[in-house]
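>>> Show me how the following folds:
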Amino acid sequence: TTTATTTTTKPDTMSLRPTTAAPIQDMPPPGGYKKLDFGRYLPDRGPKGWQIWLGATTVILYGYYQVGKTNQARVQQTMQERKVRYALFPYMQAEADREYMQRELVNLRKEAEIMKHVVDERGNKWVPGSSQYFGGQWTPRRIGHFMPKW
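I've put the predicted structure just below:
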């Protein structure tokens, strides 16, 4: 049978006993080690400062050049769109006027139907399209909720 023995050590005891012999230390060879030429083995660490500055300046100037070209193209496109819009405006206005007149005729017919029995204080029958607030100058009726309210 084997019995386990436990040994207790005091805290001030060492695991290895000190010796009186001088410590062994590696020393360089007499005259020192041979010099190494690190420049021969390592490449340069990237571009020089002036090269970075020149590259960044070139990229920035090219970017501004592209922005300028884009702005000129946008201005030219806008001018062409305006010319087309100006050329088409009379036709678009004529179409809008025709649609307005169609709606106005429908409104006048409805007004004539609704107001056919109305007589004013002088005994005159109601005239479709007339207004008690008529000021002498013709203005179109407000169409939709986008027209300004005068």
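>>> got a pLDDT number for the residue most central in space within the chain?
By CA atoms, centre = their mean, the chain has its centre lying nearest to Val67, at 15.8 Å. Per-residue pLDDT puts Val67 at 98.
>>> Kindly report the same for the one 3 residues further on.
pLDDT, Thr70: 98.
>>> Now it: which helix or strand?
According to DSSP states H and E, Thr70 maps onto helix 49-114.
>>> quick one: that helix to chain centroid distance?
Chain-centre distance of helix 49-114: 20 Å, with CA atoms, centre = their mean, to the nearest Å.
>>> and what of stretch 16-35?
Computed by CA atoms, centre = their mean, the separation of stretch 16-35 from the middle of its chain amounts to 69 Å.
>>> mean confidence for that stretch?
82.
>>> end-to-end on that stretch?
Across stretch 16-35, the terminal residues are separated by 40 Å (CA to CA, to the nearest Å).
>>> what does that stretch rub up against?
Applying CB atoms under 8 Å, 6 or more residues apart in numbering, stretch 16-35 has no contact partners. Where C-beta positions appear, they are placed from N, C-alpha and C, glycine not excepted.
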